[in-house]
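> Predicted model and sequence follow; I will ask about them next.
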Amino acid sequence: MSSLYSSNPKESRGRLFFEEESAFRSAFQRDRDRIIHSSAFRRLKHKTQVFIEHEGDYFRTRLTHSIEVAQVARTIASVLRLNSALTETVALAHDLGHPPFGHTGEDALNDLMTPYGGFDHNAQAVRVVTLLEGHYAEFDGLNLTWETLEGIAKHNGPLTGTLPYALAEYSDYNDLELTSHASAEAQVAALADDIAYNSHDLHDGLRAKLFSVEQLVDMPILKDCFGEVDRKYKNLDDDRRAHEALRRFFSAMVEDVIAVSQRNLHELAPKSAQDIRWAGRPIIRFSENIWSDLKVIRNFLFHRVYRAPSVVKKREQVTTAVHALFPYYMAHPDRLPSPWHGPDAAEKGRITLARLVTDYISGMTDRYALQQFDEISKE
């Protein structure tokens, strides 16, 4: 049963290009389905979460991460009586703008694009779903609802100051009200992202042997989780012991978000989805205690996983690849495949060309980017 403050698809602000409504799917369900069937969503299968996609079959990829985020988001949305379809849609779409090699690729592209407006994966996701997915006869992009686009653009909070160019360009003809908070559904998707990666990056770090189980047992939150497992199960092997503890860690985060958000909703007593947007603060949140404990865990992940010597070495290699691909295509726009180039590609102007090249590179999978780097290195 939905609530007064959930996003009602029948009251959606609609799509930029008019379409007849589906007879059996809500507007938000239709958005979700378009994202799942998009080319950009399929390519997430071969894009880095933490470890380069081909380094192991069991590590999360950007696709499996997005699926895990959507699962968490649906659960929270259901308990809070929000629109589960919109929540799932934003969760599935939140990383569509990620380039190859995860945040390493994003950092490299942002450095290269500094003279041309920078690069931001959330802004690029909006560009993907409003422009770059070119399959429909009557419009570019996926023609998603206003609420879905808003959630993709600002699920992490209001956007003020200088906007990434991809968002600034789109906002010129479709105002997503970027200075306010997003819907409760989009806020849930953002917290579900935090829950998913805090949990699965620990799991993948253990699998990669970047740290041991014993290095986790005394950490905040995890200490209680391991304590409960050790009391209930005697003599578990490390893999099962860690799995059981991380399950409880996952649940502790979800339960905390639900409890705090229910309290916030009760205090605010919103009568509409718009009341959530203009509350002046995020309503879907962790408690201060959990948030403080998660900072310790994220610091551990930063030093032991994201900056582990083996990961840093790979970061250097893939950064080199991106830094080679960008100037190559800038100097040889004719090498961009159709539909990325045309007879006038070189005459588009440096800013337009740079953004065209970035669209192409950011859409690459890890393996394709490395293949292209290998090819141009032979020239």
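It's in.
> Tell me, how many residues neighbour the residue lying closest to residue 64 once chain neighbours are set aside?
Spatially, and ignoring its direct neighbours in sequence, residue 64 is nearest to residue 49 (7.5 Å; CB to CB, 6 or more residues apart in numbering). C-beta: built from backbone N, CA, C; applies to glycine. Neighbourhood size, residue 49 [other CB atoms under 10 Å]: 25.
> check contacts around residue 49.
Applying CB atoms under 8 Å, 6 or more residues apart in numbering to residue 49 gives the contacts 59, 60, 61, 62, 64, 65, 102, 197, 200, 201, 204.
> same check, this time on residue 6
Residue 6 is in contact with 81, 82, 83, 184, 185, 273, counting by CB under 8 Å, 6+ apart.
> what's the farthest-apart pair in these?
Farthest-apart pair in those is 81 and 273; separation 12.1 Å (CB to CB).
> circling back to that earlier point, okay if I get the contacts of residue 6 as JSON lines plus neighbour count and pLDDT?
What follows is the contacts of residue 6, written out as JSON lines (neighbours: other CB atoms under 10 Å; pLDDT from 0 to 100):
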{"residue": "81", "neighbour count": "16", "pLDDT": "97"}
{"residue": "82", "neighbour count": "29", "pLDDT": "98"}
{"residue": "83", "neighbour count": "24", "pLDDT": "97"}
{"residue": "184", "neighbour count": "32", "pLDDT": "98"}
{"residue": "185", "neighbour count": "33", "pLDDT": "98"}
{"residue": "273", "neighbour count": "22", "pLDDT": "96"}
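> Give me the pLDDT for the residue nearest to residue 64.
On pLDDT, residue 49 comes in at 71.
> Just the mean pLDDT for the lengthiest helix in the chain, thanks.
Looking across the chain with DSSP state H, the single longest helix is helix 238-268. For helix 238-268, mean pLDDT rounds to 97.
> just the helices in the stretch 251-379 of the chain please.
Under the criterion DSSP state H, counting those that start in this stretch, the stretch 251-379 of the chain contains helices at 273-277, 288-301, 309-331, 350-362, 366-377.
> Switch those helices over to a markdown table, and while doing so, append distance to residue 15 to every line.
Shown next, in a markdown table, are the helices of the stretch 251-379 of the chain (distance: least, CB to CB, whole Å):
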| stretch | distance to residue 15 |
| --- | --- |
| helix 273-277 | 18 |
| helix 288-301 | 36 |
| helix 309-331 | 33 |
| helix 350-362 | 22 |
| helix 366-377 | 31 |
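> Among those, which comes closest to residue 214?
Evaluated over the helices of the stretch 251-379 of the chain, closeness to residue 214 peaks at helix 288-301, with 13.2 Å, by CB to CB.
> got the contact list for the closest one?
By CB under 8 Å, 6+ apart, the residues outside helix 288-301 that reach it are 194, 198, 201-202, 205, 219-222, 252-253, 256, 285-286.
> in the longest helix of the chain, what counts as buried?
For helix 238-268, the neighbour count (16 or more other CB atoms under 10 Å) marks 241-242, 244-246, 248-250, 252-254, 256-258, 260-261, 264-265 as buried.
> list the contacts for the spatially most central residue of the chain?
Centroid-nearest residue in the chain, with CA atoms, centre = their mean: residue 95, separated by 3.1 Å. By CB under 8 Å, 6+ apart, the contact set of residue 95 is 44, 62, 65, 66, 121, 125.
> OK, contacts around the fifth one?
When contacts are counted by CB under 8 Å, 6+ apart, residue 121 touches 95, 97, 98, 99, 106, 362.
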